[in-house]
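> make a model of this:
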Amino acid sequence: MAPTPFSTWSHARSQGIAGGWRLAGAAAVPLLMALVALIVYETGGTSTAYLNFILIPVLLGAALFGLWGGLAFGLLAGLLLGPFMPLDTATGAAQPALNWLTRTGIYIVLGGFSGWLFDTLRRHSERLLEQAYNNPVTGLPNRESLEQYARQLMHQADAPQAAATRVFVISLQMDNYPDSIGALGFAAERPLLRSIAERLQAVAEPAGATVFHIHDDHFALILPHRSRKETLAVTRAAIECLQTPFEVFEIPVYLGAHAGVSSFPFHEQDEPTRLLTKAWMAMHEASHSGRRYRSYNRRSNEHSLYTVELLGELQSALDDGQLSLHYQPKVNLASDQVMGLEALLRWEHPVRGRIAPDRFIPSAERTGLIHSLTDRVLDLALADIARLRVEGLDMPVSVNISARNFLDPGFADHLLEKVRVSGLPPCALELEFTETALMADPDEVIRALRRLTEAGLELAIDDFGTGYSSLAYLKRMPVTTLKIDQAFVRQMLEHPVDEQITRASISLARDLGLKVVAEGAEDAATLARLRDYGCNAAQGYGIARPMPLDAIIAWAHDRGLVPGLCPETDERAALKRANNR
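Numbers count the residues shown, from 1 in each chain. Predicted structure coming up:
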């Protein structure tokens, strides 16, 4: 098989001393020795110190040709300054045999030792070079090799005299690698990675591609001088070859894979790391979208950069007063009075203006920042609840809680301590969470929920019907309210299926003894139909849009409050009466 562009480049890179330099050295070393011999003769013979200059070409020969070169040039140096070189050219006195034989032996030993030392250093440097450019497990070239090779190909493609060409990078990652290693242990890692490498090489070599092992289960392929159609064919073949289970410890292990593709110069990028990054981004986009592979999309890159910037700025927003809460009322459908509020987060950025919650909350949930964000929202909500109760609006306010908050073992106690310090009755705060909060660790989350309800807080399942619904979990959860997602309520009058789902959800909640709140009620006809189905309450633009605290206070006073929602404790009521006297 003809050598690939990478093998040619890699071979050239790995050559320690090129053949041309060795040839030049083979000619230069004897010439230097002859020059030293001439100097010694012209300056009076071996009785002068100039004869020690002969060590320079000996060491040079040892450096170029190693052990055997050092021995050979040591012997040659000894002979040049040996029996034919007089001790003193003025008198013509010859050297004693012991003199030049001893010196020749010293030159041979020094040349041989130096050659061995240079050979050892060369082998060590080759090992270091191997480690620097290859993965120690699979033996495949690593990320450093990829970047250097890609840079060379990109320079070739950019050369004025170069024919039009493209360089494609395919980034591959396994679907089920962490779970497989977690189940089989790290002893399975090496054979599994080597099997992956073998399969990818079997696909890459016939196509003239090169496989690189970036890290763990992340691999990449580079295809120079190929069309997009050929590249996608190789991508599909690479993914397909990884679908067959691997045999590890006589256990069939299914991994699967997803991939991303980027190219130069199509994506106008002159930096190999960015080229690999774009393939990596496309790969993760494929994973999140459920596709086998995706090509890089510039809009995705801009969105990712925007998200990273927002997360960095969100940390400052937590401390700079940029975050605030607006409130949307929940209205009792029987009396048309207010029965509670939902707190909705708003971010007023000093430069970007108002940023919608769906632009930063999902990203915060994927990081530890969601804990600080939830903490800030709870502080704002508790302060506003205290203000509401001063205004005579003794009703619960609901706050949305992320699934990741419930996975924090100290979250429930931390929240209850906040409520205790605020002096508010526990019923003043309601927590809303989606069904997905249970998926990571159902038992742990349910224990936290029970801890909260035992302390007097109310719980509501938000967006019911759109998450990982499970009646078994619903039966176990100590919730008091079920909120039907607006995706069903908003268009229930136009779509019979949405209406049937809404009606069934209301019936299910009532049979389980839960209150029902319909989200997304946007007109009087929808409110009337919900009322006919026995829904307890509704919220949506048909009732009121979210509004700041002062506005919701005025709105709630005009609309009226359902009595007895969350009365003060006896001690707090007595304290309030004493303060009013």
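> what helices or strands is the host helix or strand of residue 231 leaning on?
Using DSSP states H and E, the secondary-structure element containing residue 231 is helix 228-241. Counting contacts by 3 or more C-beta pairs under 8 Å, 6 or more residues apart in numbering; DSSP states H and E, helix 228-241 is packed against strand 167-174, helix 189-204, strand 218-224, strand 257-264, strand 293-295. In short, each C-beta sits where N, CA and C put it, glycine included.
> quick one: average pLDDT of the shortest one?
Meaning strand 293-295. Within the predicted structure, the mean pLDDT of strand 293-295 is 89.
> parallel or antiparallel, list what pairs with that strand.
For strand 293-295, sheet partners with direction are given as strand 257-264 (parallel), following DSSP bridges.
> and residue 246, how many neighbours?
One way to gauge burial is a neighbour count; for residue 246, by other C-beta atoms under 10 Å, it gives 18.
> what's the answer for residue 434, then?
Here the neighbour count serves as a burial measure; for residue 434 (other C-beta under 10 Å) it reads 20.
> cool, and residue 454?
Applying other C-beta under 10 Å, we find 12 other residues in the vicinity of residue 454.
> same thing with residue 131?
By other C-beta under 10 Å, the burial measure for residue 131, its neighbour count, is 11.
> quick one: distance of the host helix or strand of it to the chain centre.
Take DSSP H and E as the rule and residue 131 turns out to sit in helix 97-133. Between the mean C-alpha point of helix 97-133 and the mean C-alpha point of its chain there is a distance of 48 Å (C-alpha atoms, centre = their mean, to the nearest Å).
> pretty sure residue 458 contacts residue 428?
No: with contact taken as C-beta atoms under 8 Å, residue 458 and residue 428 are classed as non-touching, separated by 9.5 Å.
> so where's this protein shaky on pLDDT?
Scanning the chain for pLDDT under 70 picks out 1-20, 157-165, 266-270, 299-305, 437-440, 466-473, 569-581.
> so where's the longest strand in it?
strand 338-349 (DSSP state E).
> other SSEs contacting that one?
For strand 338-349, the contact count by 3+ C-beta pairs under 8 Å, 6+ apart identifies helix 298-319, strand 323-332, strand 353-355, helix 357-365, helix 369-390, strand 397-400, strand 537-539, helix 549-559 as packing neighbours.
> tilt between the fourth one and helix 369-390?
Meaning helix 357-365. Helix 357-365 and helix 369-390 meet at an angle of 130 degrees, taking axes from the mean of the first three to the mean of the last three C-alpha atoms, to 10 degrees as the criterion.
> tell me how the chain divides into domains.
5-133, 143-296, 318-580 (automatic domain parsing).
> among the ones you listed, which is nearest residue 306?
The closest of the domains of the chain to residue 306 is domain 318-580. By C-beta to C-beta, the value is 8.1 Å.
> in the longest strand of the chain, what's buried?
Of the residues in strand 338-349, those buried under the neighbour-count criterion (16 or more other C-beta atoms under 10 Å) are 338-345, 347, 349.
> now it: how far from the chain's centre is it?
Relative to its parent chain, strand 338-349 has a centroid offset of 32 Å by C-alpha atoms, centre = their mean.
> got it, and stretch 527-535?
Using C-alpha atoms, centre = their mean, the distance between the centre of stretch 527-535 and that of its chain works out at 47 Å.
> give me every residue that touches residue 505.
If you count contacts by C-beta atoms under 8 Å, 6 or more residues apart in numbering, residue 505 has them with 464-465, 482, 484, 488, 516.
> check contacts around the nearest residue to residue 237 once chain neighbours are set aside.
With sequence-adjacent residues excluded and distances taken as C-beta to C-beta, 6 or more residues apart in numbering, residue 237 is closest to residue 203, at 4.9 Å. Taking C-beta under 8 Å, 6+ apart as the contact definition, residue 203 lies against 209, 234, 237-238, 241.
> including distance to residue 384 and neighbour count, could those residues go into TSV?
Written out in TSV, the entries for these read as follows (distance: C-beta to C-beta, whole Å; neighbours: other C-beta atoms under 10 Å):
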residue	distance to residue 384	neighbour count
209	60	24
234	58	22
237	59	16
238	55	24
241	58	16
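> rewinding a little: with just CA atoms, put the helix holding residue 231 into PDB.
Extracted as PDB, the C-alpha positions of helix 228-241 are listed here (Å, rounded to 0.1, in the frame of the first residue of the first chain):
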ATOM      1  CA  ARG A 228     -17.300  16.100   1.300                       C
ATOM      2  CA  LYS A 229     -19.100  13.100  -0.100                       C
ATOM      3  CA  GLU A 230     -16.100  10.900   0.500                       C
ATOM      4  CA  THR A 231     -15.600  12.300   4.000                       C
ATOM      5  CA  LEU A 232     -19.300  11.600   5.000                       C
ATOM      6  CA  ALA A 233     -18.900   8.100   3.600                       C
ATOM      7  CA  VAL A 234     -15.900   7.500   5.800                       C
ATOM      8  CA  THR A 235     -17.800   9.000   8.800                       C
ATOM      9  CA  ARG A 236     -20.700   6.600   8.300                       C
ATOM     10  CA  ALA A 237     -18.400   3.700   7.900                       C
ATOM     11  CA  ALA A 238     -16.400   4.600  11.100                       C
ATOM     12  CA  ILE A 239     -19.600   4.900  13.100                       C
ATOM     13  CA  GLU A 240     -21.000   1.600  11.600                       C
ATOM     14  CA  CYS A 241     -17.800  -0.300  12.500                       C
END
